[in-house]
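Colleague: My questions concern the predicted model and sequence given below.
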Amino acid sequence: MDRRLILHVTDCHLLANRGENFLGVDTHKNFAAVLHYVKNVEKVAPDLIVLGGDLIQHDAKHNEEDYLAVYADVAERLKVFDCPVTCTFGNHDIPDIANKVFADFPNMSLGDFNALGNWNIVLLNTHWENHVNGFVSDSELHRLRRVLRKVGEQNIAIFMHHQLLPIQADWLDKIRVDNSVAVLAQILTDDRIKLVVAGHVHQDTAKLHYDKWFLTTPATAFQFASNAVEFKLANDMPGCRLMILNDDGSFETKVLRLPFDPGMLPDFSVKGY
Ligand SMILES: [Fe+2]
């Protein structure tokens, strides 16, 4: 059976100033370590990489232009995989800057990916300016409906930054997609949609809901604790998610994490961000 590999890499929170740490983490170092591990230890050769958003940690003390170099560094580093890369944006991104930068990189394929074997990869934009939670605009929902009309009998995987379903972590459940009911109404009624993958929550979750899998992926930067009522860091290692999509609509998935290294963990005395 024909299989296609997607690597979901998310929540890198790369700082404009490489000399600084964020929550005690050198986010550039962790991001590079995850990519190196996937390529050289796990020896994964993906057919497509989907970046899940929060690629940068936008800080008002830096000019937006300072982040041009950070986005360029992301695109540059991903060239080693020799496959197309596409991207959804999160609450810490500056999409206009990222799109401007990525347009100059042939490996960066912005937008949906229509022909990955028997699969159609649909990116749903949840970025909501000046909000931590997500929102799928009316125009984005219309676009989704148009895409679904065009797809034919292909299987569909949807990627988005913010999660649609609660993951039993109160503080993160409050900052999921604000209009998740409207979005779920589109998704749950379509048999071709097999899985919905999000970042944002910095942890691995998987839930079967109306015959569709809703997955979230660990961050490359730092992890949040599962089932936490309020902000809480976890001592899980940085990672990403591999998805193996079969032509018949079935799939397998595996979280790939770095081997334990206390030097990559965050500062647990920090009580919020
Ligand atoms: Fe994040």
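Modeller: Here it is on my side, so go on.

Colleague: Only C-alpha atoms from now on, for both contacts and neighbour counts.
Modeller: Will do.

Colleague: Against R192, how distant is T253?
Modeller: Distance check for T253 against R192: by CA to CA, to the nearest Å, it reads 18 Å.

Colleague: Listing partners with orientation, what would you give for the worst-scoring helix or strand of the chain on mean pLDDT?
Modeller: Lowest by mean pLDDT, DSSP states H and E among the helices and strands of the chain is strand 113-116, with a mean of 85. Its sheet considered, strand 113-116 pairs with strand 119-124 (antiparallel) by DSSP bridges.

Colleague: Name the surrounding residues that touch the partner strand.
Modeller: The contact list for strand 119-124 (CA atoms under 8 Å, 6 or more residues apart in numbering) reads 87-88, 111-115, 136, 140, 144, 151, 154-160, 245, 247, 249.

Colleague: export that strand as CSV, just CAs?
Modeller: The C-alpha coordinates for strand 119-124 follow below in CSV (Å, rounded to 0.1, in the frame of the first residue of the first chain):
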residue,chain,number,x,y,z
TRP,A,119,-4.6,12.5,0.7
ASN,A,120,-5.4,16.2,0.7
ILE,A,121,-3.7,18.3,3.4
VAL,A,122,-5.9,21.2,4.4
LEU,A,123,-4.5,24.0,6.6
LEU,A,124,-7.0,26.0,8.6
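
Colleague: Packing partners of whichever helix or strand comes after that strand?
Modeller: The helix or strand immediately downstream of strand 119-124 is helix 138-150, counting by DSSP states H and E. Using 3 or more CA pairs under 8 Å, 6 or more residues apart in numbering; DSSP states H and E, no helix or strand is in contact with helix 138-150.

Colleague: which element follows helix 138-150 toward the C-terminus?
Modeller: With DSSP H and E, the next secondary element past helix 138-150 is strand 155-160.

Colleague: For that next one, which strands pair with it and how are they oriented?
Modeller: Strand 155-160 has the following sheet partners, assigned by DSSP bridges: strand 119-124 (parallel), strand 193-198 (parallel).

Colleague: what is the orientation angle of that strand with helix 138-150?
Modeller: Here the directions of strand 155-160 and helix 138-150 differ by 170 degrees (axes from the mean of the first three to the mean of the last three CA atoms, to 10 degrees).

Colleague: buried residues in the helix or strand following strand 155-160?
Modeller: Following strand 155-160 in sequence order, the next helix or strand is helix 170-173 (DSSP H and E). The neighbour-count check on helix 170-173 (16 or more other CA atoms under 10 Å) flags L172, D173 as buried.

Colleague: So what touches helix 170-173?
Modeller: Under the criterion CA under 8 Å, 6+ apart, residues L165, P166, I167, V201, N227, A228, V229, E230, F231 lie in contact with helix 170-173.

Colleague: The same query, at a cut-off of 10 Å, please.
Modeller: Contact with helix 170-173 is made by 133, 162-167, 200-202, 224, 226-232, as judged by CA atoms under 10 Å, 6 or more residues apart in numbering.

Colleague: angle of the very next helix or strand once past it against strand 119-124?
Modeller: Next helix or strand after helix 170-173 toward the C-terminus (DSSP H and E): helix 180-188. Helix 180-188 runs at 170 degrees relative to strand 119-124, counting by the same axes, to 10 degrees.

Colleague: Can you spell out which helices and strands pack onto helix 180-188?
Modeller: The helices and strands touching helix 180-188, judged by 3 or more CA pairs under 10 Å, 6 or more residues apart in numbering; DSSP states H and E, are helix 138-150, strand 193-198.

Colleague: mean confidence score for stretch 7-14?
Modeller: Stretch 7-14 shows a mean pLDDT of 98.

Colleague: what residues are up against F231?
Modeller: Residues near F231 by CA under 10 Å, 6+ apart: A169, D170, W171, L172, F224, A225, V270, K271, G272, Y273.

Colleague: Out of those, which one has the weakest pLDDT?
Modeller: Y273 (77).

Colleague: Near that one, how many other residues are there?
Modeller: For Y273, the count of nearby residues is 6 (other CA atoms under 10 Å).

Colleague: swap in F159?
Modeller: When neighbours are counted by other CA under 10 Å, F159 registers 27.
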